[in-house]
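A.B. asks: I need the structure of the sequence given here:
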Amino acid sequence: MREDSDIEVKYSYAILLRAIRRALRMTQEELANRVGVSRQMLLSYEKSESIPNVKHSEHIAQVLSSEIRARHIDQRLNEESNSGENRG
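C.D. replies: Residues are numbered from 1 along each chain as shown. This is a model prediction of the structure:
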């Protein structure tokens, strides 16, 4: 039973990692460089072949969350700028 659970975790992690990276329009190489792993290692995470250690998992989470925050802030600034121009 534990083996099934491990497989599900790897698969879920892989799906989420790939989906978030793609949504942010980051390449595998870009994310791998920022995390400090090879592109091949990141690819193995995305293919459910392996799961990152705690250090790499935390770093991946930090990189992706900082990208999400930065893009959210950029979007809000653009919206505020555009709404100011429309009033203008």
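
A.B. asks: use CA for all of it now, contacts and neighbours both
C.D. replies: Noted.

A.B. asks: how about the helices of this structure, start to end?
C.D. replies: Counting by DSSP state H, the chain has these helices, from start to end: 2-23, 28-35, 39-46, 54-87.

A.B. asks: Residue 50 reaches residue 44, doesn't it?
C.D. replies: Yes. Counting by C-alpha atoms under 8 Å, residue 50 does reach residue 44; the two are 5.7 Å apart.

A.B. asks: Out of the helices of the chain, which is the most enclosed?
C.D. replies: helix 39-46 (a mean of 18; mean count of other C-alpha atoms under 10 Å).

A.B. asks: Give me the angle between that helix and helix 54-87.
C.D. replies: Calculated by axes from the mean of the first three to the mean of the last three C-alpha atoms, to 10 degrees, helix 39-46 forms an angle of 90 degrees with helix 54-87.

A.B. asks: what is the mean pLDDT for helix 39-46?
C.D. replies: For helix 39-46, the mean per-residue pLDDT is 96.

A.B. asks: Same check on stretch 56-70?
C.D. replies: 94.

A.B. asks: can you list contacts of it?
C.D. replies: Under the criterion C-alpha atoms under 8 Å, 6 or more residues apart in numbering, residues 20-21, 24, 31, 34-35 lie in contact with stretch 56-70.

A.B. asks: Great, nothing more from me.
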